[in-house]
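Participant: whatever this is, show me its structure:
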Amino acid sequence: MNDGTTPLSTIHDPLVAKLTEFLVSIGLPVALAALPERTFLPGIAVHSGVLTIDESNLLYPGDLLHEAGHLAMLPPGQRTQAVGHLGDDGGLEMAALAWSYAAAMHLGVPPEVVFHEAGYKGGSCALLDNFAAGRYIGVPMLEWAGLTAGEKRAQALGILPYPSMLRWLRED
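Facilitator: A predicted model of the protein is given here:
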């Protein structure tokens with residue numbers, strides 16, 4: 001392809017393929033391409049709202065869901081312009097944690113894939129423990145964005161609570 005990307009059908013790792021298929025199905029653009037520069041998360045970059053994957057340098061497939069969580073929380077106009085590292089806002093970081101966990105549960109992917117021990121500044125065990133115990137960090141941000149409902153609100157609305165999602169992308 002003349003734009004430097006490779007067809008998604010060439011993904012070798014079955015987990016990466018599963019995650020990528022999900023992201024594309026919810027409306028997040030994904031591309032495969034060699035990333036010449038060093039990136040914050042190995043093998044992953046965001047260019048103009050496109051989650052770009054360099055499969056040969058991707059160390060942790062669960063990082064795809066985390067970065068997708070950042071993109072999902074941006075309003076559509078900002079999402080399409082997003083570039084580089086997206087984890088500088090504490091609220092959006094917490095939302096990306098909750099979003100990526102919900103996506104993993106939706107896909108039947110173990111949470112250890114998302115909250116892997118090489119990430120989260122040594123806090124992956126605490127994240128795994130909290131989420132396993134139902135202490136869902138970041139869910140209020142997802143609720144605020146209209147993506148899910150916490151236990152109380154879900155009960156009042158007669159819907160499934162988080163980690164079930166109402167939708168995957170912020171609309172406003």
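Participant: tell me how far stretch 25-32 lies from the chain's centre.
Facilitator: Put simply, stretch 25-32 sits 11 Å off its chain's centre (Cα atoms, centre = their mean, to the nearest Å).
Participant: just the terminal-to-terminal distance for that stretch.
Facilitator: 16 Å (Cα to Cα, to the nearest Å).
Participant: which strand or helix spans the residue nearest to G84 when sequence neighbours are not counted?
Facilitator: Distances taken as Cβ to Cβ, 6 or more residues apart in numbering put V46 closest to G84, at 6.3 Å, once the chain neighbours are dropped. In short, each C-beta sits where N, CA and C put it, glycine included. Following DSSP states H and E, one finds V46 within strand 44-47.
Participant: beyond the longest helix along the chain, next helix or strand please.
Facilitator: In the chain, assigned by DSSP state H, the helix with the most residues is helix 90-107. Past helix 90-107, further along toward the C-terminus, the next helix or strand under DSSP H and E is helix 111-114.
Participant: quick revisit: quick one: buried residues of the longest helix of the chain?
Facilitator: Neighbour counts over helix 90-107 (16 or more other Cβ atoms under 10 Å) mark 92-105 as buried.
Participant: same thing with stretch 163-172?
Facilitator: For stretch 163-172, the neighbour count (16+ other Cβ under 10 Å) marks 163, 165-166, 168-170 as buried.
Participant: circling back to that earlier point, which among the buried residues of helix 90-107 gets closest to L157?
Facilitator: A102 (17.0 Å; Cβ to Cβ).
Participant: any idea how far T148 is from that closest one?
Facilitator: Per Cβ to Cβ, to the nearest Å, A102 is found 7 Å from T148.
Participant: shared neighbours of these two, anything?
Facilitator: Listed as contacting both A102 and T148 by Cβ atoms under 8 Å, 6 or more residues apart in numbering are 142, 162-165.
Participant: show the contacting residues for the nearest residue to Q155 once chain neighbours are set aside.
Facilitator: Spatial nearest neighbour of Q155, excluding adjacent residues (Cβ to Cβ, 6+ apart): P161 at 7.3 Å. Counting by Cβ under 8 Å, 6+ apart, P161 makes contact with 148-151, 153-155.
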